[in-house]
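Chemist: please find the sequence and the predicted model below.
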Number of protein chains: 2
Amino acid sequence: MRIEKRIAGVRAFVQAARRENRSVGLVPTMGAFHEGHLSLIRRSVADNDVTIVSIFVNPTQFGPNEDYKAYPRDLERDAVLAERQGVAVVFAPDPQEMYSPDFSTWVQVHQVSEGLCGTYRPGHFQGVATVVCKLFNIVQPDRAYFGEKDYQQLQVIRRMVRDLDLPLSIIPVPTTREADGLAMSSRNKYLTADQRRAAPRLYQALQMGADLVERGATGGRAVEAIQAELAREKLITPQYVVAVDPDNLTDRSDQVRPLVLAAAVLVGNTRLIDNVRVNGD
Amino acid sequence: MRIEKRIAGVRAFVQAARRENRSVGLVPTMGAFHEGHLSLIRRSVADNDVTIVSIFVNPTQFGPNEDYKAYPRDLERDAVLAERQGVAVVFAPDPQEMYSPDFSTWVQVHQVSEGLCGTYRPGHFQGVATVVCKLFNIVQPDRAYFGEKDYQQLQVIRRMVRDLDLPLSIIPVPTTREADGLAMSSRNKYLTADQRRAAPRLYQALQMGADLVERGATGGRAVEAIQAELAREKLITPQYVVAVDPDNLTDRSDQVRPLVLAAAVLVGNTRLIDNVRVNGD
């Protein structure tokens, strides 16, 4: 397995693979791998002749008061894990390789990037869409893999790919969870022991809401139930709880299934997100 | 030569060409071909195994009070001219093929899109960058050809390609001029006979400024001379006259060569632009 720091190096590798008619899968990540990342990587390795994993803690998707500097980084360990899964190339550029001093082009996805996390993280999805667009152009994969845990991000990427006619398929991969239901996240490392014990309440509450929706409740009714359940855990402070359209993320409080129930909460200073989807009848 | 109205049709053609290792050139146009367009097309046909010309009057780059509806359209004539030059495919999509009803993704190039035409045509370069990004993703050319007459557009596209790592080369092509120096433009058709006689004064004024710069004058001195020269023609109303850095388009009033002298004027209701470049010593 190769570790490439340079755009030109990845491009040369991909061009050689293309000449041999080999299909290319891309798994964009910020590193600090957990089982969720590995499930994306395994899926790409199964689907494609070669898999490229990018590891880049993208500065432009963090707000000024967010955890860009604290975000966990461990390239050596990540590289070992990637190699074990059969990854061909880890692309791990430095920020200056991705952003020139006078960088000035941004991809803005409106509509699906508004509301939910977009309200609490202004500029976040512009940073995500821009860096993902760059990664797509650098690697030119046939398929790229994104976790459903970051559901709004997934929809932003899908909308960008559709609107800009990017020539690849986006493959969503189900959320990987700890035994107690907590969605895997690199940020779970920030939790104290007490916070870690409280955190699974987020998924439990969402599941409770999903059960109601499955039995015919509206999105608004499910949101109330989720909020009531979260209120029982004093270590959890909700940012938002919503019931939205699975595709365009517009409000579905007054509607029944299909819908996505999504929430963001603070557990101490750590921001956790999760979602569950209830399909149509 | 094929005329394709569908994205899928162009993609299938390009994929077949790629499998045969044929290089692909793209000439993005709004149609209404004149010699300027044909010089772009000839250059692409010379450089590449296959040339694709897009003809799309892009609604998103016109302001609400601009000439989107009046813009000249003549696909039949354009197709004949393209075929004569050896073009493989004319891609002529309808607006609804390019923009779905809930289209919501925009490419914004800051810095080089500000000032000059950006001041007078708010939103114009966002529309240009977005549609050109789409065309690049649809055709995936090795090279794309742009006229130097639209100098700010050329720099916006170059910046976008650099910043988003788009995998192609941008080839600038010198401005084609009428015998009297007027830069060729589809909008020249709007001019009355009197206006047409007055219009070459724009290029004459720019050349006068360039002569001064070549003899050591600053950008600001050249701008004054150009403004004075334009003031002598009462059918011409200048919008802007500037001396800017050839790459990032920042003001170079206080600087000597290299620089670009650029201007936009109204001749009646018709907006004309032109520019001249003076290289370094």
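Modeler: Looks like it arrived, so ask away.
Chemist: what's in contact with stretch A:263-271?
Modeler: The contact list for stretch A:263-271, computed with C-beta atoms under 8 Å, 6 or more residues apart in numbering or on different chains, reads A:116-117, A:120, A:187-188, A:190-192, A:195, A:198-199, A:202, A:205-206, A:226, A:230, A:235-242, A:272-275. For glycine as for every other residue, the C-beta is placed from the backbone atoms N, C-alpha and C.
Chemist: so where do the strands sit in the stretch 101-250 of chain A?
Modeler: For the stretch 101-250 of chain A, the strands defined by DSSP state E, counting those that start in this stretch cover A:105-109, A:143-147, A:169-173, A:236-244.
Chemist: now these as CSV including mean pLDDT and distance to residue B:68?
Modeler: Converted to CSV, these look like this (pLDDT from 0 to 100; distance: least, C-beta to C-beta, whole Å):
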stretch, mean pLDDT, distance to residue B:68
strand A:105-109, 98, 22
strand A:143-147, 98, 35
strand A:169-173, 98, 33
strand A:236-244, 98, 35
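Chemist: in a markdown table: those, plus distance to residue A:9.
Modeler: Shown next, in a markdown table, are those (distance: least, C-beta to C-beta, whole Å):
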| stretch | distance to residue A:9 |
| --- | --- |
| strand A:105-109 | 23 |
| strand A:143-147 | 19 |
| strand A:169-173 | 25 |
| strand A:236-244 | 40 |
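Chemist: for chain B, find the nearest of those.
Modeler: Nearest to chain B, of all the strands of the stretch 101-250 of chain A, is strand A:105-109, at 3.5 Å by C-beta to the nearest C-beta.
Chemist: what does the stretch 1-150 of chain A have sitting close to chain B?
Modeler: Selection of the stretch 1-150 of chain A residues close to chain B by C-beta under 8 Å from any C-beta of the partner chain yields A:7, A:11, A:100, A:102-112, A:129-130, A:133-134, A:137-138, A:140.
Chemist: repeat that for 10 Å
Modeler: Listed as neighbours of chain B in the stretch 1-150 of chain A under the rule C-beta under 10 Å from any C-beta of the partner chain: A:7, A:11, A:14-15, A:18-19, A:21, A:98-100, A:102-114, A:126, A:129-130, A:133-140.
Chemist: sort out which of those are buried, if you could.
Modeler: Burial by neighbour count, judged by 16 or more other C-beta atoms under 10 Å in any protein chain shown, picks out A:7, A:11, A:14, A:98-99, A:103-113, A:126, A:129-130, A:133-140 from the residues of the stretch 1-150 of chain A next to chain B.
Chemist: surely residue A:73 meets residue A:31?
Modeler: Yes: assessed by C-beta atoms under 10 Å, residue A:73 is found in contact with residue A:31 at 6.0 Å.
Chemist: between the two, which is the more surrounded one?
Modeler: residue A:31 (23 against 16; other C-beta atoms under 10 Å in any protein chain shown).
Chemist: name the SS class of that one, please.
Modeler: On the three-state scheme (DSSP: H, G, I helix; E, B strand; the rest coil), residue A:31 is labelled coil.
Chemist: give me the pLDDT for the nearest residue to it once chain neighbours are set aside.
Modeler: What sits nearest to residue A:31 in space, not counting adjacent residues and going by C-beta to C-beta, 6 or more residues apart in numbering or on different chains, is residue A:55, at 4.0 Å. Per-residue confidence (pLDDT) for residue A:55: 98.
Chemist: roughly how far does residue A:55 sit from residue A:24?
Modeler: To residue A:24, residue A:55 is 17 Å away according to C-beta to C-beta, to the nearest Å.
Chemist: likewise for residue A:85?
Modeler: According to C-beta to C-beta, residue A:85 and residue A:24 sit 16 Å apart.
Chemist: out of these two, which sits in the busier spot?
Modeler: Neighbours were counted for residue A:85 and for residue A:24 using other C-beta under 10 Å; residue A:24 has more, 23 against 19.
Chemist: so what's the more buried one up against?
Modeler: Contacts for residue A:24 were tallied using C-beta atoms under 10 Å, 6 or more residues apart in numbering or on different chains; they are A:13-14, A:17-18, A:44, A:48-52, A:88-89, A:139-144, A:168.
Chemist: drop anything exposed from those.
Modeler: A:13-14, A:17, A:44, A:48, A:50-52, A:88-89, A:139-144, A:168.
Chemist: what's the distance between the residue nearest the centre of chain A and residue B:207?
Modeler: Closest to where the C-alpha atoms of chain A average out (C-alpha atoms, centre = their mean) is residue A:150, at 3.6 Å. In this view, residue A:150 and residue B:207 are 56 Å apart by C-beta to C-beta.
Chemist: returning to what we had before: please pick the buried ones from the contacts of stretch A:263-271.
Modeler: When those are checked for burial by 16+ other C-beta under 10 Å, the buried set is A:116-117, A:187-188, A:190-191, A:195, A:198-199, A:202, A:205-206, A:226, A:230, A:235-236, A:238-242, A:272-275.
Chemist: just the endpoints, please. Distance across stretch A:166-185?
Modeler: Its start and end residues considered, stretch A:166-185 measures 28 Å (C-alpha to C-alpha, to the nearest Å).
Chemist: spatially, what comes nearest to residue A:221 if we skip its sequence neighbours?
Modeler: Nearest-residue entry for residue A:221: residue A:212, 6.0 Å, with adjacent residues in sequence omitted and distances by C-beta to C-beta, 6+ apart.
Chemist: and the residue of the stretch 151-281 of chain A nearest chain B?
Modeler: Per C-beta to the nearest C-beta, residue A:163 is where the stretch 151-281 of chain A lies closest to chain B, at 3.5 Å.
Chemist: and the residue nearest to that residue when sequence neighbours are not counted, what is it in contact with?
Modeler: With sequence-adjacent residues excluded and distances taken as C-beta to C-beta, 6+ apart, residue A:163 is closest to residue B:105, at 3.5 Å. With contact set as C-beta under 10 Å, 6+ apart, residue B:105 has these partners: A:107-113, A:129, A:133, A:156, A:159-164, A:166, B:130, B:133-134.
Chemist: what residues are bridge-paired with residue B:105?
Modeler: residue A:109 (DSSP bridges).
Chemist: what does residue A:91 give?
Modeler: Per DSSP bridges, the residues bridged to residue A:91 are residue A:4, residue A:54.
Chemist: how about it, what does it touch?
Modeler: Contact analysis of residue A:91 by C-beta under 10 Å, 6+ apart lists A:2-7, A:9-10, A:13-14, A:26, A:28, A:52-56, A:97, A:135, A:138-139.
Chemist: can you rerun that using 7 Å?
Modeler: Going by C-beta atoms under 7 Å, 6 or more residues apart in numbering or on different chains, residue A:91 touches A:4, A:10, A:52, A:54.
Chemist: what do you get for residue A:257?
Modeler: A:213, A:278-281.
Chemist: filter the residues you listed to the buried ones?
Modeler: With neighbours counted by 16+ other C-beta under 10 Å, those contain buried members at A:213, A:278.
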